[in-house]
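Engineer: the sequence isn't on hand, but the structure is:
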């Protein structure tokens, strides 16, 4: 069935309407299955006859379609080869024709395609790009360079490897020389069109992209072609750092214009070259240092210059880290000028900052706190000052403290009128007091010994936490100070400070109460060297009801879905309190459940903030983990309805979280059975289309592994066994999913009656043997060995080594000999987890004790080599792992939201020990072999005497003697 272009365009248009978007997106997903759907999207994107926003929506949908459907987990194309070839051949030509907003989306799609195909499966790409360079056509060049940037920017975070360097050399060999020629010709066109604004702006946009590519191409090594032309490159970089033209200036004080973007691009290259290629670039450095100083002292406070100022400061910070350049600043007068003319102007509050604080508070917080946006003047000035302090600690401290005292005295003269002076003083002081990089978990870990952080807090900061009249921004400064230096305060100091933070959750100011929530979260996470909380649990438990009620009230103060989930910091604080009070949630469970359920109901209609809903679901996970063992029914009945609504409503972003939480509910409940409503979820979990989404697979698998132990009988009775094994077949064929496949099949084998699996054993082993033969990985090999040992150990269940051998024979006669001697025994010693090694010990012991095949069929060497493998394992017998109930902390900046799976830490599957009754492994081996010896009329003792060498005989006899 072909794709109807007008119909798809109509659905894309509808997807932009909030009242229709969910239905439209579902209809578009149905269209996805039709051949040529991706090409239809490209046609709509290319066609001028469609509205601009429809074309943009089409490009965006194409990008996301490519992310989901370009390759499978093993890197094979999922689309038809002719469709793949057409996309590659059309995409570059389309990129050079469409507006820049559409180019950005197509560029992202090209980056995804390049991840899997470039360069071996897309060898013609670079030639195609270079062939399109045209010194007279900026629009075409910009499209080509945008494509190149979207591909080459992938290199920066990658580790050095032969494969990566082969790709880079492939690109440089074809691209570098024409690229430098284009840069030269663009420079000439700019010179020739000083008075032609339209041409000038178009080629200045080209220059901006050229600078991005200079950076991309240099992230691993300086390209030889660049090194050969370094004087000319340095000259061009300096030229455009100082270039000015009225036609390129903008009247907008907030948004950076062409001049600012290019200057920022130059500084980005300069930072890279100074850090990585200082020796090669050294002779060209001096002019840039002087020009940076001129720019920093000449540019005004307008927001449009922020990116240039922050990059210039970053460059000078890099320069100062090199001792020979730092010496220029080793003078009190010079440092005074630097502090006064560069640091203080960029550290001080501006009117635009105060406007953001008042009008866009969440934006102010994210920019100011998270560190995700390095293009802030204040952060760049702080980093510059800290780098100077690293070089000249005492001198910088003395100079800066004079300014700190000056601003504090200005504040003292007029506390109401000069409150900004105190803000500057606090930030200056924090900049020189902290040493090293602040960590997300613990803040600053080392301080400047020339200042007293605690004394400064007590004399100047604490008053802003206790005074009702303090300016809101000074309250924020005080909370941030505690947040930054949280690890420097001792437990006693925190006992005094913590109630002040909690009190500020009651502030009417959005930024103040949000910062308070951030600081409360981090304070509660702090632990001492013995891993005990700095703020004890029993001090939080009595406050928890009021604290949580108030946080929920702040989260839901505006009932619109986008506003409820706007502030992830509040939700993270909720999560932290629930993790800290643990079982203490039980007395307030109903209040907590009601709020979490209501929030889920609101945000499921329009998930818009991945950070918020991650912390939200972690909060639910904490409740399940700590209240589940005692109040499982209450938790299940509260969430079941909204979870089913999420699954039925195809809220794709939430499905992986829901299945993790359902699994956690099953695991935490002490009941050996499952409710009828939970049982009904097995069928949806087996829906093949659910397993097509990468993000769903780990969560669905976790759910099945949790429900099978409690409902295997009902699942078998409902004829769902085969559907589970079809899922196993799908997973085991993929290297990416092999771990989930083996988790699932181990759960099935452990819990289903042997008779229920009778007709499936041969196909299961056939699949595993095929993987071992055709696409073996070390992980799969070890998981297969673990599976064998599990089956071999489950003698009491009617399985065992002889059972496995019989099934292997049914697949291929005598295949077991090669598998056992070449795979299982040699690799068993590589099993690292204590529970896996214990399973292997039990498996090998039961083989020695009870296997007839090893007595008759493999009597010549089988018993001997099995015993040798067992003795190897017993040299360091597996010990039960120490209980560790710590919940790992993760920051949303570290998480990759989207199609990939995001693990809920509160719902992690605890390590499974299939043999809790076996604690002293060596003693158990001795008892088992002695019992078998009596049962088989001395057979074990006879084999020990006949089949083992002296050393092995002594070792096993010692084990049997206890």
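Structural biologist: Thanks, I have it. Just so it is clear, the model here is predicted, and its values are computed rather than measured. Numbering: from 1, shown residues only.
Engineer: going by C-alpha atoms from here, please, whenever you check contacts or count neighbours.
Structural biologist: OK.
Engineer: list the contacts for residue 171?
Structural biologist: If a contact means Cα atoms under 8 Å, 6 or more residues apart in numbering, then residue 171 has residue 126 as its contacts.
Engineer: buried residues, the helix or strand bottoming out on mean pLDDT in the chain. List them.
Structural biologist: In the chain, no helix or strand scores lower on mean pLDDT, DSSP states H and E than helix 21-32, which sits at a mean of 86. Residues of helix 21-32 classed as buried: 21, 22, 24, 25, 28, 31 (neighbour count, 16 or more other Cα atoms under 10 Å).
Engineer: could those residues be laid out in CSV, adding distance to residue 607?
Structural biologist: CSV is the format used below for the buried residues of helix 21-32 (distance: Cα to Cα, whole Å):
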residue, distance to residue 607
21, 12
22, 11
24, 16
25, 14
28, 19
31, 23
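Engineer: what helices and strands are in contact with the least confident helix or strand of the chain?
Structural biologist: Helix 21-32 sits against helix 5-14, with contacts defined as 3 or more Cα pairs under 8 Å, 6 or more residues apart in numbering; DSSP states H and E.
Engineer: now for the helix it packs on, which elements pack on it?
Structural biologist: Under the contact criterion of 3+ Cα pairs under 8 Å, 6+ apart, helix 5-14 touches helix 21-32, helix 37-46, helix 52-69.
Engineer: quick check: closest non-adjacent residue to residue 568.
Structural biologist: Excluding the flanking residues, the one nearest residue 568 by Cα to Cα, 6 or more residues apart in numbering is residue 612, at 4.1 Å.
Engineer: circling back to that earlier point, tilt between the least confident helix or strand of the chain and helix 5-14?
Structural biologist: 150 degrees (axes from the mean of the first three to the mean of the last three Cα atoms, to 10 degrees).
Engineer: and the contacts of helix 21-32?
Structural biologist: Contacts with helix 21-32, where a contact means Cα under 8 Å, 6+ apart, come from 3, 8, 11, 12, 14, 15, 37, 38.
Engineer: rebuild those as TSV, extending it with pLDDT, distance to residue 210 and neighbour count.
Structural biologist: Formatted as TSV, the contacts of helix 21-32 follow (pLDDT from 0 to 100; distance: Cα to Cα, whole Å; neighbours: other Cα atoms under 10 Å):
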residue	pLDDT	distance to residue 210	neighbour count
3	87	39	18
8	93	36	21
11	94	37	22
12	94	34	26
14	93	38	19
15	91	35	21
37	95	34	21
38	95	30	25
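Engineer: I'd like those residues written out as JSON lines, with distance to residue 218 added.
Structural biologist: Listed next are the contacts of helix 21-32 as JSON lines, based on distance: Cα to Cα, whole Å:
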{"residue": "3", "distance to residue 218": "43"}
{"residue": "8", "distance to residue 218": "42"}
{"residue": "11", "distance to residue 218": "43"}
{"residue": "12", "distance to residue 218": "39"}
{"residue": "14", "distance to residue 218": "43"}
{"residue": "15", "distance to residue 218": "41"}
{"residue": "37", "distance to residue 218": "38"}
{"residue": "38", "distance to residue 218": "34"}
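Engineer: out of these, who's nearest residue 360?
Structural biologist: Sorting those by distance to residue 360 puts residue 15 at the head of the list, at 27.4 Å, by Cα to Cα.
Engineer: and the closest residue to that closest one other than its chain neighbours, how far from residue 606?
Structural biologist: Setting aside the residues directly before and after it, residue 15 is nearest to residue 21 in space (Cα to Cα, 6+ apart), at 3.9 Å. Residue 21 sits 10 Å away from residue 606, taking Cα to Cα, to the nearest Å as the criterion.
Engineer: cool, residue 435 as well?
Structural biologist: Distance from residue 435 to residue 606, by Cα to Cα: 43 Å.
Engineer: circling back to that earlier point, residues touching the residue nearest to residue 568, list them.
Structural biologist: Residues in contact with residue 612 (Cα under 8 Å, 6+ apart) are 565, 566, 567, 568, 569, 571, 572.
Engineer: isn't the second one up against residue 609?
Structural biologist: Yes - taking Cα atoms under 8 Å as the contact criterion, residue 566 and residue 609 are neighbours in contact, 6.6 Å apart.
Engineer: quick check: mean pLDDT of the top helix by length along the chain?
Structural biologist: Assignment by DSSP state H gives helix 610-648 as the longest helix of the chain. Averaged over helix 610-648, pLDDT sits at 97.
Engineer: and it, what's buried?
Structural biologist: Within helix 610-648, the residues that count as buried by 16+ other Cα under 10 Å are 610-629, 631-632, 635-636, 639-640, 642-643, 646-647.
Engineer: cool, stretch 664-672 as well?
Structural biologist: Using 16+ other Cα under 10 Å as the burial criterion, the residues of stretch 664-672 that qualify are 664, 665, 666, 667, 668, 669.
Engineer: likewise for stretch 576-589?
Structural biologist: 576, 577, 578, 579, 580, 581, 582, 583, 584, 585, 586, 589.
Engineer: pLDDT score for the third one?
Structural biologist: Put plainly, it is residue 578. Per-residue pLDDT puts residue 578 at 97.
Engineer: what about stretch 580-589, distance to the chain center?
Structural biologist: The chain centroid and the centroid of stretch 580-589 are separated by 29 Å under Cα atoms, centre = their mean, to the nearest Å.
Engineer: same check, this time on stretch 720-738
Structural biologist: Counting by Cα atoms, centre = their mean, stretch 720-738 is centred 26 Å from the centre of its parent chain.
Engineer: can you pull out the helices in the stretch 301-450 of the chain?
Structural biologist: Ranges of helices within the stretch 301-450 of the chain are 306-320, 323-326, 332-338, 344-347, 351-359, 361-369, 377-391, 393-413, 419-433, based on DSSP state H, counting those that start in this stretch.
Engineer: what about the closest residue to residue 605 other than its chain neighbours, distance to residue 903?
Structural biologist: Leaving aside its chain neighbours, residue 605 sits nearest to residue 561 (7.2 Å; criterion: Cα to Cα, 6+ apart). Using Cα to Cα, residue 561 is found at 24 Å from residue 903.
Engineer: quick one, which of those two is more surrounded?
Structural biologist: residue 561 (20 against 17; other Cα atoms under 10 Å).
Engineer: residues touching the more buried one, list them.
Structural biologist: Taking Cα under 8 Å, 6+ apart, we find residue 561 in contact with 602, 603, 605, 606, 607.
Engineer: that's a helix at the last one, yeah?
Structural biologist: No - the assignment for residue 607 (DSSP: H, G, I helix; E, B strand; the rest coil) gives coil, which keeps it out of a helix.
Engineer: what sits against it?
Structural biologist: Contact analysis of residue 607 by Cα under 8 Å, 6+ apart lists 561, 562, 613, 653.
Engineer: just give me the closest of those to residue 549.
Structural biologist: Taking the contacts of residue 607 together and measuring to residue 549 by Cα to Cα, the closest member is residue 613, at 18.3 Å.
Engineer: look up the closest residue to the closest one, ignoring the ones flanking it.
Structural biologist: For residue 613, the spatially nearest residue (Cα to Cα, 6+ apart) is residue 565, at 7.2 Å.
Engineer: please apply the same query to residue 555.
Structural biologist: Spatially, and ignoring its direct neighbours in sequence, residue 555 is nearest to residue 564 (5.6 Å; Cα to Cα, 6+ apart).
Engineer: pretty sure the one you found sits against residue 603.
Structural biologist: Yes - with contact defined as Cα under 8 Å, residue 564 reaches residue 603; the gap is 7.3 Å.
Engineer: and for the residue nearest to residue 613, the neighbour number?
Structural biologist: Neighbour count of residue 565, defined by other Cα under 10 Å: 27.
Engineer: next up, the contacts around it.
Structural biologist: By Cα under 8 Å, 6+ apart, the residues touching residue 565 are 555, 603, 608, 609, 612, 613.
Engineer: gap between it and residue 357?
Structural biologist: 19 Å.
Engineer: then residue 736?
Structural biologist: Per Cα to Cα, residue 736 is found 46 Å from residue 357.
Engineer: among these two, which residue is more densely surrounded?
Structural biologist: Between residue 736 and residue 357, residue 357 has the larger neighbour count (other Cα under 10 Å), namely 19 against 15.
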